[in-house]
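Asks: sequence-free structure coming up:
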């Protein structure tokens with residue numbers, strides 16, 4: 001079930017070009033190391049400019065494990081996921 005949802009969600013965001021090229025880990029071909037390097041470079045640049053930033057980490061695997069499948073599918077359909 002989880003794999004079907006992940007594939008459907010990835011197809012949805014890729015078809016609508018909702019994931020920027022700077023995102024890592026959502027699509028094939030991007031490594032954790034490239035993600036960490038890009039993240040580090042951006043944070044250092046912001047610090048050099050005297051800027052502040054907020055960081056939000058999302059772990060969807062645990063969220064999917066804690067929601068009943070029929071409720072999750074219903075909510076995804078309301079947000080335009082129709083796979």
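Replies: Arrived safely. Every value quoted in this text rests on a predicted model; they were computed, and no experiment measured them.
Asks: could you report the pLDDT at residue 49?
Replies: pLDDT for residue 49: 95.
Asks: so where's this protein shaky on pLDDT?
Replies: 1, 19-33, 58, 60-61, 63-64, 83 (pLDDT under 70).
Asks: helices of that one, start to end?
Replies: For the chain, the helices defined by DSSP state H occupy 2-15, 32-48, 60-66, 69-78.
Asks: now render those helices as JSON lines, adding distance to residue 54 and mean neighbour count.
Replies: All C-beta spots, glycine's among them, are computed from the backbone N, C-alpha and C. Shown next, in JSON lines, are these (distance: least, CB to CB, whole Å; neighbours: other CB atoms under 10 Å):
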{"stretch": "helix 2-15", "distance to residue 54": "21", "mean neighbour count": "13"}
{"stretch": "helix 32-48", "distance to residue 54": "11", "mean neighbour count": "11"}
{"stretch": "helix 60-66", "distance to residue 54": "19", "mean neighbour count": "10"}
{"stretch": "helix 69-78", "distance to residue 54": "25", "mean neighbour count": "12"}
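Asks: could you measure from the closest residue in space to residue 43 that isn't next to it in sequence over to residue 34?
Replies: Of all residues not flanking residue 43 in the chain, residue 53 sits nearest, at 6.5 Å (CB to CB, 6 or more residues apart in numbering). Distance, residue 53 to residue 34, using CB to CB, to the nearest Å: 19 Å.
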